[in-house]
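[1] got a predicted structure plus its sequence, pasted below:
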Amino acid sequence: METRQDIHTFEKAHNEGIFVITTTPNSKYLFSASKDLSIKMWDIENKALEHTFEKAHEGKTMRKKCELLEFVFALAVNHQSTFLISGAYTEIKIWDITTKTLAHSIPKAHNSRLQGNFL
């Protein structure tokens, strides 16, 4: 039986539960999205937090007479490792990894929750 060992644990990564993680194809960064409404960008080699996208999908969506926060349920990175794509209940956002800024937002992209990777 093969024994596996942790390489690194990012302690206290988020204030709430993590919904989804992904890495860049070049293995430079790890991204995590949490119930705390943030997306965090981790430098894998240096084992350090590189950037926090606070309130990445801030807002609420009405579903069946119930308000739902726009939690991020899907993350993907393009093959060139230049853009992070995040998906919430109804919204898609494209983040520039180099400048760490929002490049484009597609509000009301869907009528129901996005889930899983979509690249």
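    Great, that's in hand.
[2] and the host helix or strand of Trp42, what does it pack against?
    Applying DSSP states H and E as the criterion places Trp42 in strand 39-43. Counting contacts by 3 or more CB pairs under 8 Å, 6 or more residues apart in numbering; DSSP states H and E, strand 39-43 is packed against strand 29-34, strand 48-53, strand 83-87. Just so you know, the C-beta spots here come from the backbone N, C-alpha and C atoms, and that holds for glycine as well.
[3] output the contacting helices and strands for the shortest one.
    So the one you mean is strand 83-87. Strand 83-87 packs on strand 39-43, strand 74-77, strand 92-96, going by 3+ CB pairs under 8 Å, 6+ apart.
[4] got the angle between the first one and strand 92-96?
    Looking back up the chat, that one is strand 39-43. 30 degrees (axes from the mean of the first three to the mean of the last three CA atoms, to 10 degrees).
[5] what does strand 39-43 rub up against?
    10, 13-14, 28-34, 48-53, 56, 72, 75, 84, 86, 95, 97, 100 (CB atoms under 8 Å, 6 or more residues apart in numbering).
[6] filter those residues down to just the buried residues.
    With burial judged by 16 or more other CB atoms under 10 Å, the buried subset of the contacts of strand 39-43 is 13-14, 28-34, 50, 53, 56, 72, 75, 84, 86, 95, 97.
[7] still on that earlier bit, as a markdown table, the helices and strands packed on strand 83-87 with distance to Thr23 and mean pLDDT would be great.
    Below are the helices and strands packed on strand 83-87 laid out as a markdown table (distance: least, CB to CB, whole Å; pLDDT from 0 to 100):
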| stretch | distance to Thr23 | mean pLDDT |
| --- | --- | --- |
| strand 39-43 | 9 | 93 |
| strand 74-77 | 7 | 94 |
| strand 92-96 | 15 | 93 |
